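In: Pasted the sequence and its predicted model underneath.
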Amino acid sequence: MTLSTFFQHILTGISLGGAYALIAIGYTMVYGILRLINFAHGDIFMMAGYFMIFSMASLPWQIAIPMVCILTIILGVVIERVAYKPLRTAPRMSIMISAIAVSYLLQNLATYLFTALPRAYPEIPFLKKIFQFGTVSASLVTFITPVLTILLVIALMFLINHTKIGIAIRGVSKDFETAQLMGIRINKVISVTFVIGSFLAAIGSILYFTDRMSVTPFSGTLPGLKCFVAAVLGGIGSIPGAVVGGFVIGISETLLVALGYSTFSDAFTFALLIVILLFRPTGLFGEKNIDKV
């Protein structure tokens, strides 16, 4: 592998990792608040792809992108209100089963409405503009993805650390029951968490599908699982950890494909999950749970 080819693949991996990071944040935030692995999050990301296909069929991209973000946020909040909120006091296993059921519901609904055949993802002209740096060439979306990811994470960390709703989110994530007793509006905090997660999933879907050019009802399954692994790798509940995990998974996957091991690229991700659970269950940035006697 030549040096220019190596840089080309690293650039692609960083871009893919940025999209993974945005989706992984949704997993880690919902877990931080509800202690729930939202298995439907990957399918919300998939639905955002279909929203873009149908929005750009009749609208310019300048209107379609905000429309996709709004529709994805509405979908995420409706899922929380209908499938998760009624089970908030139920055993944790019940709400997890509900999340799996919502995931399969969205997949089958998409198959029924849009068929299982791949649909072409619309081209957003400025994102596909090709730039050449010596022998390395890449589309604008490849350069924008990591930059946009970092900017969105900085904005999110500012929201979490320096705003009233951010303090409420941190309070609820530390102790759900005590936060409720202290007068924090739990329903509002949870809704805001799903709004943020769904918005980032919508942005992630635009960046991800722009390079992959097609969407199927199962397009969210594998990326969703990989983003879950990224969240666990970084330390589920940690936003910076989810970002680091996303970039690690994206770069590793791309390099394995570049080295001719594409067959094992997916297996590597899940092998990494097993290793991290065996040797560091809290992840790279996760807090250790201390049992008090």
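Out: Now that the structure is in, tell me what you want to look at.
In: Run the chain-centre distance for the helix or strand hosting Ala242.
Out: Ala242 is part of helix 239-258 when elements are defined by DSSP states H and E. With CA atoms, centre = their mean, to the nearest Å as the basis, helix 239-258 stands 13 Å off its chain's centre.
In: and the angle for the next helix or strand after it with helix 239-258?
Out: Using DSSP H and E, the helix or strand that directly follows helix 239-258 along the chain is helix 265-279. Orientation check (axes from the mean of the first three to the mean of the last three CA atoms, to 10 degrees): helix 265-279 against helix 239-258 gives 140 degrees.
In: Okay, buried residues for helix 265-279 please.
Out: Across helix 265-279, burial judged by 16 or more other CB atoms under 10 Å covers Ser265, Thr269, Leu272, Leu273, Ile276. Where you see a C-beta, it was placed from the backbone N, CA and C, and this is true even at glycine.
In: from the residues you listed, which is closest to Leu200?
Out: The shortest gap between Leu200 and any of the buried residues of helix 265-279 belongs to Thr269, at 20.1 Å (CB to CB).
In: That closest one against Ile251, yeah?
Out: No: Thr269 lies out of contact with Ile251 (CB atoms under 8 Å); the separation is 11.8 Å.
In: any low-confidence regions in the protein?
Out: 1, 134, 286-293 (pLDDT under 70).
In: which residues in it form strands?
Out: 119-120, 130-133, 136-139, 214-215 (DSSP state E).
In: out of the ones you listed, deepest packed?
Out: strand 214-215 (a mean of 19; mean count of other CB atoms under 10 Å).
In: For that one, which strands pair with it and how are they oriented?
Out: Note on strand 214-215: by DSSP bridges, its sheet partners are strand 119-120 (antiparallel).
In: Compute the inter-axis angle for the top helix by length along the chain and helix 239-258.
Out: The longest helix of the chain (DSSP state H) is helix 3-34. If you take the same axes, to 10 degrees, helix 3-34 sits at 140 degrees to helix 239-258.
In: Now do the buried residues in helix 3-34.
Out: For helix 3-34, by 16+ other CB under 10 Å, it's 8-9, 11-34.
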